[in-house]
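In: Provide a 3D model corresponding to the input given below.
(chains A and B)
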Amino acid sequence: MKTALLFILLLILVPVAVSLQDMLPQLPPHQERILLLPLIFCFGVLALPLIPALFFALVVAVVQGLMFLQIQSGEVELGLVGPVVFFLSWAIVLQMASEATQGMRWELHALGSASVTLTLLGGEFLILCAKRGGFPVDSTVLLRIMIPSALALLIAPLLYLSLRSLVPLVPEAGLAKLKAAGYDL
Amino acid sequence: MKYLQMAALALLVAVAIALCFLGTGILGGFQSGFLELISPLTRSGHAVKSSIGNLGKDLMTLDQLELEYNRLLSENKQLRAENNGLRDLQQDNDHLRGILGYRERSSFRLIPAAVLGHDAEAWWSTIKINRGSKDGIAADMPVITDRGLVGKTTVVSGNMAEVVLVTDENCKVAAKVEGTKDQGICGGSRAPEGELQLAFLNKLADLQPGQKVYTAGVSGGVFPSGIALGTVKSFHARELDGEATLEPAADLGSLEEVFVVTGAK
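Out: Residues are numbered from 1 along each chain as shown, chains lettered A, B, ... in the order given. The predicted structure is shown next:
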């Protein structure tokens, strides 16, 4: 029941994060954006048990895929295959990392959020290079990848603390793991 | 319980595989539906953002009024506040008259739209507007301001549409340079920074900074002829052709109102 409630809350947070990140201003020097969806994704896959975490990852993948879906001259430039594989893979990696580090931790969430943002932006760029040709890597491209990832690392702990109010909804197993690891809940 | 988990996992894999093999038409429909789904959130967020912006403006006006009060040591603070309020209304009025005037002067059939926000995308340059298929908007319609070309519509839902900006690498526009016979293809870059590249020009073209560039309006294309695209900033000859860097005519960084071109008058 608690897992279901947490899952529903996370599902509500996904479109909220999408709308909010579109409204946040662009940052200097090259109009970099703050991405909130990877942060919500990381929190979700760390807080939920494996199967619901995978379903949540699938939802995030579809949302991310539809956001970035570009249909040019009747052809899809980036479909849903990339996001589905990407988010399911990261969900499994983060679940394994969570197991290895004895449950949910803010450090894991922060590192996971930054890594997901970094690989998401880098992966999209590489796929676009493969599709459109050329490999125009310059400081603008690197900053477009690095700054949102660094911001994810900085913002993640704040978001984690805010979402910790959901902790009573985190499944018992996760709490037991945290207690066993000596965390003060 | 284990069987239930296995069944859930099988369902997940089946759904994931099905999603990966969706056709273009279905994906487009899904995207349009998704846009419709987040439309209320985006509109509410835009309204809140506008309110916050206006609050900032009001605070500034109050600050200015306070400075005025200190400088003049006068007791007519109330009258000055009223005057400031009227001035704001006058500016709004002038702005709206300008927009209305452009709409009436234009040789195109235009639908005015408000910009709801710039999409948080690193490699694409897109915005969302508050008009959709219910207002007569369809995909691949040019979007302009009174200063020049903004882009074209891509995904359209009932109440909202996504516009790909001219600074996006995917938005290619046939262009001609004012006062010359030079023509080229104008587009943005993979990591759009606000400039346009006009490629496939004659490498011997004699383009000077400040020359204006307009849409060429090729037959069967999306963009009609004669819409301002930008101004030449620099030109350099490459091995096979010439390329110019343009400053976009429309201020794409601070778009608030745009017009969707639905046809000729």
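
In: all contacts plus neighbour counts: C-alpha atoms, from now on.
Out: OK.

In: touching chain B at all, the helix or strand containing A:Leu10?
Out: Take DSSP states H and E as the rule and A:Leu10 turns out to sit in helix A:2-23. Yes. Contact check for helix A:2-23 against chain B, using CA under 8 Å from any CA of the partner chain: residues in range are A:Pro15, A:Val16, A:Ser19, A:Leu20, A:Gln21, A:Asp22, A:Met23.

In: can you put those residues in TSV and add distance to A:Glu32?
Out: Supplementary listing: the residues of helix A:2-23 next to chain B in TSV, determined by distance: CA to CA, whole Å:
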residue	distance to A:Glu32
A:Pro15	21
A:Val16	20
A:Ser19	17
A:Leu20	15
A:Gln21	12
A:Asp22	12
A:Met23	13
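
In: returning to that earlier point: briefly note if whichever helix or strand comes after the helix holding A:Leu10 comes near chain B.
Out: Secondary structure here is assigned by DSSP H and E; on that basis, the next helix or strand after helix A:2-23 toward the C-terminus is helix A:37-47. No. Using CA under 8 Å from any CA, we find that helix A:37-47 stays clear of chain B, coming within 10.4 Å at best.

In: And the pLDDT at residue 137?
Out: The chain I'm using is chain A. At A:Val137, the predicted lDDT confidence score is 84.

In: actually chain B
Out: On the pLDDT scale, B:Ile137 is placed at 94.

In: Phi, psi for A:Val137 please.
Out: Main-chain dihedrals, A:Val137, degrees, to the nearest 10: phi -80, psi 120.

In: Going along the chain, name the strands of chain A.
Out: With DSSP state E as the definition, chain A shows strands at residue ranges A:71-72, A:75-76.

In: residues near the nearest residue to A:Met67 once chain neighbours are set aside, how many?
Out: Excluding the flanking residues, the one nearest A:Met67 by CA to CA, 6 or more residues apart in numbering or on different chains is B:Gln31, at 7.4 Å. Burial of B:Gln31, expressed as a neighbour count using other CA atoms under 10 Å in any protein chain shown, amounts to 23.

In: Equivalent analysis for A:Pro157, please.
Out: Residue neighbour count, defined by other CA under 10 Å, stands at 20 for A:Pro157.

In: cool, B:Leu204 as well?
Out: One way to gauge burial is a neighbour count; for B:Leu204, by other CA under 10 Å, it gives 12.

In: ok, now which ones touch it?
Out: B:Ala237, B:Gly242 (CA atoms under 8 Å, 6 or more residues apart in numbering or on different chains).

In: what's the closest of the strands of chain A to B:Gly263?
Out: Within the strands of chain A, the stretch nearest B:Gly263 is strand A:71-72; the backing value is 21.3 Å (CA to CA).

In: confidence score at the residue nearest to B:Ala120 when sequence neighbours are not counted?
Out: Leaving aside its sequence neighbours, B:Ala120 sits nearest to A:Asp22 (CA to CA, 6+ apart; 4.9 Å). We note a pLDDT of 83 for A:Asp22 in this prediction.

In: same question, the one 5 residues further on
Out: Residue-level confidence at A:Leu27 comes out at 81, pLDDT.

In: Who does it form a beta bridge with?
Out: Under DSSP bridges, the beta-bridge partners of A:Leu27 are A:Glu32.

In: residues from chain A in reach of chain B?
Out: Taking CA under 8 Å from any CA as the contact definition, chain A meets chain B at A:15-16, A:19-23, A:30-35, A:51, A:54-55, A:58, A:63, A:66-69, A:71-72, A:74-76, A:79-81, A:84, A:121, A:124-125, A:136, A:140-141, A:144-145.

In: Only the buried members of those: can you turn that into a ChimeraX selection?
Out: For anyone working in ChimeraX, the buried entries among these, judged by 16 or more other CA atoms under 10 Å in any protein chain shown, can be selected with:
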select /A:15,16,19,20,21,22,23,30,31,32,33,34,35,51,54,55,58,63,66,67,68,69,71,76,79,80,81,84,121,124,125,140,141,144,145
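
In: where's B:Leu9, which helix or strand?
Out: For B:Leu9, the host element (DSSP H and E) is helix B:2-20.

In: Just give the nearest non-adjacent residue to B:Gly188, would you?
Out: Counting by CA to CA, 6+ apart, B:Gly188 lies nearest to B:Thr167, which is 3.9 Å off, once chain neighbours are set aside.

In: What pLDDT does the model give the closest residue to A:Ile51 other than its chain neighbours?
Out: Residue nearest to A:Ile51 in three dimensions, not counting chain neighbours: B:Leu9, with 6.7 Å by CA to CA, 6+ apart. Per-residue confidence (pLDDT) for B:Leu9: 88.

In: Going by residue numbers, what spans are strands in the stretch 151-265 of chain B?
Out: Along the stretch 151-265 of chain B, the stretches classed as strands by DSSP state E, counting those that start in this stretch are B:161-165, B:173-177, B:183-187, B:196-201, B:212-215, B:228-237, B:242-248, B:257-264.

In: So which of those strands is the most surrounded?
Out: With neighbours defined by mean count of other CA atoms under 10 Å in any protein chain shown, none of the strands of the stretch 151-265 of chain B is more surrounded on average than strand B:161-165, at a mean of 27.

In: outside of that strand, which residues touch it?
Out: With CA under 8 Å, 6+ apart as the contact definition, strand B:161-165 has outside contacts at B:35, B:124-132, B:137, B:143, B:150-156, B:171, B:252.

In: Among the residues you listed, which ones lie close to chain A?
Out: Near chain A, judged by CA under 8 Å from any CA, the entries from the contacts of strand B:161-165 are B:Thr154.

In: In chain A, what residue spans correspond to helices?
Out: Assignment of helices within chain A using DSSP state H yields the ranges A:2-23, A:37-47, A:50-68, A:81-100, A:106-132, A:139-163, A:172-180.

In: just the stretch 51-200 of chain B next, same as before
Out: Chain-ordered helices for the stretch 51-200 of chain B, with DSSP state H, counting those that start in this stretch as the definition, fall at B:77-105.

In: Give me the residue ranges of it where confidence is low.
Out: B:53-61, B:73-88, B:103-105 (pLDDT under 70).

In: near chain A, which residues of it?
Out: Checking the stretch 51-200 of chain B against chain A by CA under 8 Å from any CA, the hits are B:Gly117, B:His118, B:Asp119, B:Ala120, B:Glu121, B:Ala122, B:Trp123, B:Thr154, B:Asn170, B:Arg190, B:Ala191, B:Glu193.

In: Just the buried ones among those residues, please.
Out: Those of those that meet the buried threshold are B:Gly117, B:His118, B:Asp119, B:Ala120, B:Glu121, B:Ala122, B:Trp123, B:Thr154, B:Asn170, B:Arg190, B:Ala191, B:Glu193, by 16+ other CA under 10 Å.
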